[in-house]
Every structure is written in C-alpha cells, then in structure tokens.
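[1] Pasting the sequence and the predicted model now:
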Amino acid sequence: MYYQEERLLVWDALSELFLDTELSERDVKRLADGLAQSPYSIAELKDILYFEVYPACKWNLLSVAGEWAFFDRRWIIENIGPRHNKRPWLKVPPVRQWMFRDHWQAIIRMINSSRA
C-alpha cells in the first residue's frame with residue numbers, strides 16, 4: 001500500500017515517543033520541528049498519535065527488551081500503516097498515555113510556537 005511521504009514522516013517522528021530510551025530536550029525539539037513542517041493540524045497529529053501510532057507502538061515501552069534505536073520504515077508501514085485513518089466510533093484517549101504525555105505536551109507547545 002502507498003502512503004504519502006508526509007504521513008510516513010509523521011509516523012516515524014511520533015513512533016520515537018515509544019522507543020525504550022529517554023528523549024532529551026533536543027530530541028523533543030527535533031521532533032516538534034519536523035511535525036510543525038507537516039501539513040497536519042495539532043488535532044490531526046493527536047489523532048494520528050492516539051489511533052495509528054500508539055496502538056502499534058505501545059507494547060515497545062511495556063517490553064523488557066523493547067526497541068531502543070528506531071523503528072525502521074518497513075516496520076512502520078507494516079504495523080502502523082494498516083491503522084491509517086481508522087478511528088473507533090468512540091474516541092477514548094489511550095489508557096497508557098502517561099507513557100508519552102509529558103513529551104507530547106512539550107511537542108504541542110513547540111509546534112504552536114513554531115507555527116505562530
């Protein structure tokens with residue numbers, strides 16, 4: 001299946017929130033800068049995070065031997081791709097959003113600042 005490059009870049013950036021490493025302030029800034037360049041609104045980015053990336057990547061943070069370097073493009077396409085634009089009829093925030101909430105809030109602030 002074909003995905004627009006912009007969507008793949010967003011999936012790649014958001015998947016970094018689920019790596020088994022601590023993100024530095026510099027990492028968060030880099031992710032925010034990339035996401036600010038995307039054509040997606042904050043609300044769209046939030047939906048992509050909650051309903052496409054989170055369901056595929058959440059297990060990495062719960063695993064003792066999780067991925068720590070990066071999710072490669074093939075993995076992203078195979079595991080996040082099938083969730084593209086699929087939404088539950090009841091949009092409930094992820095149960096384990098505590099895993100990425102602080103970084104996500106910082107990213108939102110930086111995106112808003114960058115786009116202002």
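    Yes, it's here.
[2] show me what contacts Ala36?
    By CB atoms under 8 Å, 6 or more residues apart in numbering, the residues touching Ala36 are Met110, Ile111, Ser114, Arg115. Where C-beta positions appear, they are placed from N, C-alpha and C, glycine not excepted.
[3] Could you do Asn79 as well?
    Applying CB under 8 Å, 6+ apart, the residues near Asn79 are Ala56, Cys57, Phe71.
[4] any idea how far Leu31 is from it?
    19 Å (CB to CB, to the nearest Å).
[5] hang on, the earlier thing: from the contacts of Asn79, which ones fall inside helices?
    Using DSSP state H, Ala56, Cys57 are the members of the contacts of Asn79 that sit in helices.
[6] Most neighbours among the contacts of Asn79, please name it.
    Most neighbours among the contacts of Asn79, by other CB atoms under 10 Å: Cys57, with 26 neighbours.
[7] mind listing what that residue touches?
    Ser15, Leu17, Phe18, Phe71, Asn79, Ile80.
[8] Report the two of those separated the most.
    Leu17 and Asn79 (14.9 Å; CB to CB).
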